[in-house]
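In: Pasting the sequence and the predicted model now:
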Amino acid sequence: MANRMVLNETSYFGKGAITEITGEFKKRGFKKAIVITDKDLIKFDVATKVTALLDEAGIEYSTYDGIVPNPTIKNVTDGVAAVKEAGADCIIAIGGGSPIDTAKAIGIIVTNPEFADVRSLEGVADTKNPCLPILAVPTTSGTAAEVTINYVITDEENHRKFVCVDPHDIPIVAFVDSDMMMGMPKALAAATGMDAMTHAIEGFITKGAWEMTDMLHIKAIEIIGRSLRASVNGDQAGREDMALGQYIAGMGFSNVGLGLVHGMAHPLSAWYNIPHGVACASLLPTVMKFNKDFTGEKYREIAFALGLEGAETMSIEAVRDAACEAIDQLSKDVGIPATISELGVKAEDLPQIAEDAFKDVCSPGNPRDASVEEIIALYQSLM
């Protein structure tokens, strides 16, 4: 079987990376952009750092800022209408996973109108055309949406999130600028950072993992492990490191898939509107323990990457436990809730939520197959 890698055409990294956006816009011959973001990023002068550059360069653009934290089908359909009304020939997506994910769905439908029913994009949709070109500017250090071929949309009517996987949706250019991430409050830096760690660990142990993605994921674990605490405390160097670490994790997992943490997190977000990063972070240590006997020597490699003393000489059982404990401690250190009941999860909902998790597109990639009953038990252990 051939292993496929799909990555951005171009990416810029480091402080000031967004200054490259006008040059990329012009050299590609674009005429008018639509900026897709959310109201808070405009209100707190984050998205305006980019639009000021567009204004200075005389670039014509419209703005669609209606994106919500767990983007909905309506966000997508309204965005498609906004693109058509604007007559835009490219999208500038500014934000965390929500604006960039929404931009992907919008861009796909604009160029593949036969998929106007947003639900038809679930799974691996057989689209024929690349999406409307996207220039992506992440403002959080976690989702890596700027480098992945995945996006997630919330179906509010049916209380569910669905994952879409499409090589045609990847942004053509990413601008990974830590200055755009300095405005994150501690809680958001923690949640998105633990989401990035989840991507790295799940991508490393997923059934589809192979040597090239292992290389990316283990480096991402190292970077995130050493820099997340500093990033949460607002340190610029920490946020610079996290910007890189989350991107590297995205390069990997986008091409091999994830696992049960994401499978279980998606319905929590859909049912209770819990931010995706918080849901993943609350589940990661517990699911790591569930998986540990099905991962060979990989937890030893995780322990090495995290700098755990004695990892080389520990027994396999001890090093697996040590890796799980280190991630659990990291989660506690950055203030992730220890129970899902703190997030509003209700015990009576768990059987249906577990059914949704079992059916989630990410769950089959888990190294250990899980039944609905086992998923319920995992949720219950976190109540």
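Out: All right, it came through fine.
In: switch to C-alpha atoms for all contacts and neighbour counts from now on
Out: OK.
In: Can you show me the helices along the stretch 201-350 of the chain?
Out: 211-232, 236-256, 260-272, 276-291, 298-305, 316-333, 350-359 (DSSP state H, counting those that start in this stretch).
In: The stretch 1-150 of the chain now?
Out: 21-27, 39-43, 47-56, 73-86, 97-111.
In: from those helices, which stretch is densest packed?
Out: Across the helices of the stretch 1-150 of the chain, averaging neighbours per residue (mean count of other CA atoms under 10 Å) puts helix 97-111 on top, at a mean of 27.
In: what ranges of the protein fall below the confidence cut-off?
Out: By pLDDT under 70, the chain has no low-scoring segment.
In: So the most centrally placed residue in it versus residue 24, what's the distance?
Out: For the chain, residue 143 is the residue whose C-alpha lies nearest the centre (CA atoms, centre = their mean; 2.4 Å). According to CA to CA, to the nearest Å, residue 143 stands 23 Å off from residue 24.
In: picking that back up, can you redo the helices of the stretch 201-350 of the chain as CSV with distance to residue 99 and mean neighbour count?
Out: Shown next, in CSV, are the helices of the stretch 201-350 of the chain (distance: least, CA to CA, whole Å; neighbours: other CA atoms under 10 Å):
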stretch, distance to residue 99, mean neighbour count
helix 211-232, 22, 22
helix 236-256, 17, 26
helix 260-272, 16, 25
helix 276-291, 13, 23
helix 298-305, 31, 23
helix 316-333, 26, 19
helix 350-359, 24, 20
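In: Any chance of CSV for the ones you listed, columns distance to residue 175?
Out: CSV is the format used below for the helices of the stretch 201-350 of the chain (distance: least, CA to CA, whole Å):
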stretch, distance to residue 175
helix 211-232, 18
helix 236-256, 10
helix 260-272, 26
helix 276-291, 21
helix 298-305, 27
helix 316-333, 28
helix 350-359, 33
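In: quick one: which of these is nearest residue 11?
Out: helix 236-256 (10.1 Å; CA to CA).
In: on that earlier part again, can you tell which of the helices of the stretch 201-350 of the chain is closest to residue 159?
Out: That would be helix 260-272 among these, by CA to CA, at 5.5 Å.
In: who's in contact with residue 230?
Out: 237, 238, 239 (CA atoms under 8 Å, 6 or more residues apart in numbering).
In: same thing but 7 Å
Out: By CA atoms under 7 Å, 6 or more residues apart in numbering, the contact set of residue 230 is residue 238.
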